[in-house]
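[1] using only what follows, build the 3D model:
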Amino acid sequence: MNQKAWAFIGLLLLASLSFGCSTVEKGKRYNGAQLDSLKTAFVVTTTQADWDIGINIREALEERGVQVTLGNLHDKPKDVAFYVTYKEERKWDISMYLHALDIQFLEGATDKLLASGSFRNHSVFHSYPNEREQTLAIIKSMYDVK
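    Okay, the predicted model is just below:
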């Protein structure tokens with residue numbers, strides 16, 4: 001190859017490494033779950049560190065007309081339509097950033113999985129995603145499944 005071709009390939013490689021790649025994966029529903037009919041939810045929070053994610057989940061659900069409370073799993077009301085669990089993974093670079101977030105909706109009475117959604121920050125040259133925006137996008141993806 002000539003020098004211009006190598007320079008072009010080098011620029012393409014540099015450009016592909018320079019941009020972080022993060023995605024909200026397509027939400028999933030299980031057993032024909034009709035999320036729009038569920039109007040009460042409980043968001044399980046386990047530590048103060050992940051409280052902000054729980055608040056963001058509450059916001060996303062309240063925008064859909066769901067009455068939401070938060071707390072420890074042992075505080076979950078027995079008559080709640082569904083409850084929400086989530087797992088976040090953070091990593092360090094120059095500062096802490098959200099690397100992954102998984103959210104699940106489970107039926108309140110039976111613990112059966114109703115829906116799930118995820119965010120992934122894929123690249124070595126990652127982005128610094130806005131946690132609130134990613135959380136809202138995950139919930140939207142779970143409701144948008146048809």
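[2] how close does residue 68 sit to residue 54?
    For residue 68, the distance to residue 54 (Cβ to Cβ, to the nearest Å) stands at 9 Å. No exception for glycine: its C-beta is placed from N, CA and C like everyone else's.
[3] spit out the residues that contact the two alike.
    Common contacts of residue 68 and residue 54 (Cβ atoms under 8 Å, 6 or more residues apart in numbering): residue 43.
[4] what's the least confident helix or strand in the protein, going by average pLDDT?
    None of the helices or strands of the chain scores lower by mean pLDDT, DSSP states H and E than helix 3-18, at a mean of 48.
[5] so how many other residues sit close to residue 52?
    14 (other Cβ atoms under 10 Å).
[6] residue 134 reaches residue 100, doesn't it?
    No - look at residue 134 against residue 100 with Cβ atoms under 8 Å: they stay out of range, at 10.0 Å.
[7] and those two? Which one has more around it.
    For residue 134 versus residue 100, the count of surrounding residues by other Cβ under 10 Å is larger for residue 134: 24 against 16.
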